[in-house]
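S.K.: Dropping the sequence and predicted coords here.
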Amino acid sequence: MLELQRPDSLVVRVVSAIRAEIDSGQLPPESRLPTEQQLAEQLNVSRSVVREAIAQLKADGVITARRGLGSFISQTPAGTVFRFPQPNGRLPDLAQMFEVRLWIETQAAAIAARRRDDADLQRMQRALQAMQEHRDNFEAAALADVEFHRAIADASKNDYFVAFHDFLRSQLASARKTAWENSASRFVTGSADATQEHQLLYQAIADGDAQRAAASAEAHLRAAAGRLSLELPTTN
């Protein structure tokens, strides 16, 4: 019997309950999922909630639909889409996401310093120029900031890293929107520092200095987190 374990949002609770049954082996690959009505009764939620949860699981590749037969657990029940955990139905944790960035982007900067080409450097320069030109326009400057970091990701010449960077960026954008808005005045007053941090990072990559690029990336991310009142753990 399916049971709800935590007071999360209803859709998240249903998704978690179904995944728990899959993980326990109660719903093995290729097995048929109970009907919407059965799930709604077992979990004491509305059919619309169940329908939304199933839609998410289908989008994630956990469940497949067979015309006229219903929904079935896929052959890859772990799913084919990565999602960040959302405890209590909230947005992903901003501090933890910055910590992930710290681990990943420092290495990406080091790799970019070794693999970047002239086109990569020109793209970074254009992003830096846009940040400078739009330093009084929060949204435009933020977009240029994103483009700068995307250019570094592309300079790594690793498609898997670029794909994960894009996923992380989209998650981070939604999670940090409110934090950025709440700290907009600090962003403006700290724009000169941010510009200097980006310039140092760019120069290290342009010089092909992997160690300095990683250190510059770490310094920038720690400062960026600090501007949002976030303190990142030490890495050593």
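M.R.: It's in.
S.K.: need the helix or strand of this structure with the lowest average pLDDT.
M.R.: Counting by mean pLDDT, DSSP states H and E, the chain has its least confident helix or strand at helix 184-189, which shows a mean of 46.
S.K.: How about the secondary structure of Phe72?
M.R.: Per DSSP: H, G, I helix; E, B strand; the rest coil, the local secondary structure of Phe72 is strand.
S.K.: isn't it right up against Glu30?
M.R.: Yes: in terms of C-beta atoms under 8 Å, Phe72 counts as a neighbour of Glu30; the distance is 6.2 Å. To be clear about C-beta, it is placed using only N, CA and C from the backbone, and glycine gets the same treatment.
S.K.: So for the two, which sits in the more crowded spot?
M.R.: Neighbour comparison, Phe72 and Glu30: the larger count goes to Phe72, with 16 against 11 (by other C-beta atoms under 10 Å).
S.K.: can you give me the helices for this structure?
M.R.: Taking DSSP state H to define them, one finds helices in the chain at 10-24, 36-43, 47-59, 94-115, 118-133, 138-155, 159-182, 184-189, 191-206, 210-227.
S.K.: what would those helices look like in JSON lines with distance to Ala65 and mean neighbour count?
M.R.: Putting the helices of the chain into JSON lines (distance: least, C-beta to C-beta, whole Å; neighbours: other C-beta atoms under 10 Å) gives the following:
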{"stretch": "helix 10-24", "distance to Ala65": "15", "mean neighbour count": "19"}
{"stretch": "helix 36-43", "distance to Ala65": "12", "mean neighbour count": "16"}
{"stretch": "helix 47-59", "distance to Ala65": "7", "mean neighbour count": "17"}
{"stretch": "helix 94-115", "distance to Ala65": "33", "mean neighbour count": "19"}
{"stretch": "helix 118-133", "distance to Ala65": "42", "mean neighbour count": "16"}
{"stretch": "helix 138-155", "distance to Ala65": "35", "mean neighbour count": "19"}
{"stretch": "helix 159-182", "distance to Ala65": "25", "mean neighbour count": "14"}
{"stretch": "helix 184-189", "distance to Ala65": "45", "mean neighbour count": "13"}
{"stretch": "helix 191-206", "distance to Ala65": "47", "mean neighbour count": "18"}
{"stretch": "helix 210-227", "distance to Ala65": "42", "mean neighbour count": "19"}
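S.K.: Could you verify my assumption that Arg212 touches Ala204?
M.R.: Yes: the pair formed by Arg212 and Ala204 meets the contact definition of C-beta under 8 Å, at 4.0 Å.
S.K.: what's the overlap in contacts for the two?
M.R.: In terms of C-beta atoms under 8 Å, 6 or more residues apart in numbering, Arg212 and Ala204 are both contacted by the residues Ala113.
S.K.: quick one, domains of this protein?
M.R.: For the chain, whose domains are defined here by automatic domain parsing, the residue ranges read 10-73, 91-227.
S.K.: mind listing what Leu121 touches?
M.R.: The neighbours of Leu121, taking C-beta under 8 Å, 6+ apart as the test, are 202, 205-206.
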